[in-house]
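1. The sequence isn't on hand, but the structure is:
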C-alpha cells in the first residue's frame, strides 16, 4: 500500500496571489496566506459585532481583496445572507429586489447615489436614500479610496451610516474601520484588533500585524522595500488623532511637487471640485510645472439643465465644451470650490471632457479608482496644450 505524502501546507502557506491595481506603476503579485485572510476577516467582523441576520449585497469584483474579504469571507464567517448583483448597472434594481441591509462600495459609487438624488430634487427629502436602496438598508461601508466629506455628510443627513475603512491589497486588506458606535467625519476608522499603526517622520502610514502579506511574488527587492522590521510601508500619507482615528491625506506617489517646490495632495482638490455636480470626475496635474491644471469630466445632465435655463442651444459636445459661457461657468465654479485653499493650490487652466474615464480604456481600476498615469498618457496632448505659453 502506497504511503500518503505528508501535506506540506499550513496556515502560513500562500492561499492566494492577487495583483495590485497599479494606479501609479506596474502591478505586483501580492502573496496572502490562509492566516492573513482568516485573521483579517474575523477581526473586521468583530469590529461590527456581526451576526447572521443581515442581507449583504455584493457588487464589487471578487477578484479584488476588498470584496473577497469583506463580502465573500465575511459571509462564510458570519453566516449572513449574501446576494450578488447582476452587474454594476443593476445595483439599484437589485436593491429593490433583494432588500439588503448592508453593502460595501467605493466612494465613487456613493457619490453617484448623492448625484442621482440631487439631480432628481430628492436629496433633501428624508428617507429618499433608504428608499433608493430598497427600503431596508442600515449601513454602507466605504473603502478602496478616500471618501469625500460632502458624501459622508449627505448620508448622515439621510440618517444612514456610511462607515469608512482603510486598507490595501498587501494588508488583506483591512487596516482600520469605522463602526456604528465609533465613526468620525473625515477619518478612516480605527485600527482593528491585532493591527498596529504608526506614522513615520515623513508622514507615511506604516502597519504591522497578522494582516501583512508574505511578500510580492518573485520580487524580493520590492518586498524588502515594502516590509522593514516587520512594518509594512503603505505609501499613504496621513496622521492619527488622539483617539487613534486614522486620517488619510494622499498617496506619496501621487503627491504633486510643483516647479516652485510646493507639495500638493491632488485628492483634496479633486474632492472639493467634485462636490459641484457640474464636475463628475477630476484629475489634477502639476508635477514639475509652474501651475496646476485639471482634466474635468462634465456632469452631463446638470450642465444640460443649466444650458436650458439659460436658453442656450449648442451642438454637443463640440460647441458645448468650447463655448465661452460654459468655460466661464466652470471657471467660476472651480474658483468657488477652491477659494479657501492657498494660491499655489488653485487651478490655472482646465480642459472639459465629455466622456467619463473608464475601465474599458484602462483609466480606472476594477474598484473604480482613477489610474492617473494612464489618464495622463491618454490625454498627453491635451495636457501639454494647457501648458503652452499664450
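-> Looks like it came in fine. Computed from a predicted structure; not experimentally measured. Numbers count the residues shown, from 1 in each chain.
2. show me where pLDDT drops low in the stretch 1-150 of the chain?
-> 1-7, 21-25, 49-52 (pLDDT under 70).
3. try 80
-> Within the stretch 1-150 of the chain, the stretches with pLDDT under 80 are 1-8, 21-26, 49-52.
4. Could I get the full set of strands for it?
-> 14-19, 29-33, 55-58, 81-84, 102-105, 139-142 (DSSP state E, counting those that start in this stretch).
5. List the buried residues of the longest one.
-> So the one you mean is strand 14-19. 15, 18 (16 or more other Cβ atoms under 10 Å). Placement of C-beta: from N, CA and C, glycine included.
6. Just the helices from the stretch 251-390 of the chain, written as ranges.
-> Ranges of helices within the stretch 251-390 of the chain are 266-273, 300-309, 318-322, 324-337, 372-378, 380-386, based on DSSP state H, counting those that start in this stretch.
7. Likewise for the stretch 1-150 of the chain?
-> 34-48, 65-67, 74-78, 91-98, 107-119, 128-132, 149-157.
8. okay, those in TSV with distance to residue 325 and mean neighbour count next?
-> Formatted as TSV, the helices of the stretch 1-150 of the chain follow (distance: least, Cβ to Cβ, whole Å; neighbours: other Cβ atoms under 10 Å):
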stretch	distance to residue 325	mean neighbour count
helix 34-48	50	21
helix 65-67	42	25
helix 74-78	50	18
helix 91-98	34	16
helix 107-119	21	19
helix 128-132	32	18
helix 149-157	26	17
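9. Could you point out which of these sits nearest residue 370?
-> Among the helices of the stretch 1-150 of the chain, helix 107-119 comes nearest to residue 370, with 8.9 Å by Cβ to Cβ.
10. Against which helices or strands is that closest one packed?
-> helix 128-132, strand 139-142, helix 149-157 (3 or more Cβ pairs under 8 Å, 6 or more residues apart in numbering; DSSP states H and E).
11. Same list, these, but as TSV with distance to residue 364 please.
-> Formatted as TSV, the helices and strands packed on helix 107-119 follow (distance: least, Cβ to Cβ, whole Å):
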stretch	distance to residue 364
helix 128-132	23
strand 139-142	17
helix 149-157	18
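12. In a markdown table, list the strands of the stretch 1-150 of the chain along with distance to residue 126.
-> What follows is the strands of the stretch 1-150 of the chain, written out as a markdown table (distance: least, Cβ to Cβ, whole Å):
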| stretch | distance to residue 126 |
| --- | --- |
| strand 14-19 | 41 |
| strand 29-33 | 43 |
| strand 55-58 | 23 |
| strand 81-84 | 27 |
| strand 102-105 | 20 |
| strand 139-142 | 17 |
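13. Centroid-nearest residue for the chain?
-> Closest to where the C-alpha atoms of the chain average out (Cα atoms, centre = their mean) is residue 145, at 2.1 Å.
14. if we can go back for a sec, now, of the helices of the stretch 251-390 of the chain, which is deepest in the fold?
-> When neighbours are counted by mean count of other Cβ atoms under 10 Å, the highest per-stretch mean among the helices of the stretch 251-390 of the chain falls to helix 266-273, a mean of 21.
15. same question for that one, mean pLDDT?
-> Mean pLDDT, helix 266-273: 93.
16. how far off helix 324-337 does that helix point, in degrees?
-> 120 degrees (axes from the mean of the first three to the mean of the last three Cα atoms, to 10 degrees).
17. so residue 215 bridges to which residues?
-> residue 31 (DSSP bridges).
18. Tally up the residues packed near it, please.
-> Using other Cβ atoms under 10 Å, residue 215 has 19 other residues around it.
19. can you tell me how far it sits from residue 73?
-> Residue 215 sits 21 Å away from residue 73, going by Cβ to Cβ, to the nearest Å.
20. Over to residue 153?
-> In terms of Cβ to Cβ, residue 153 sits 31 Å off from residue 73.
21. Name the strands paired with the helix or strand where residue 175 lies and say parallel or antiparallel.
-> Assigning secondary structure by DSSP states H and E places residue 175 in strand 174-177. Paired strands of strand 174-177, with direction, are strand 161-167 (antiparallel), strand 190-191 (antiparallel) (DSSP bridges).
22. which residues sit against the next helix or strand along the chain from the last one?
-> Looking back up the chat, that one is strand 190-191. Next in sequence after strand 190-191, counting helices and strands by DSSP H and E, comes strand 196-199. With contacts defined as Cβ atoms under 8 Å, 6 or more residues apart in numbering, strand 196-199 is touched by 175-176, 191, 205-209, 231, 238-240, 244, 246.
23. Return the members of those classed as buried.
-> Buried among these (16+ other Cβ under 10 Å): 175-176, 191, 205-209, 231, 238, 240, 246.
24. Since that was my last question, I'll sign off now.
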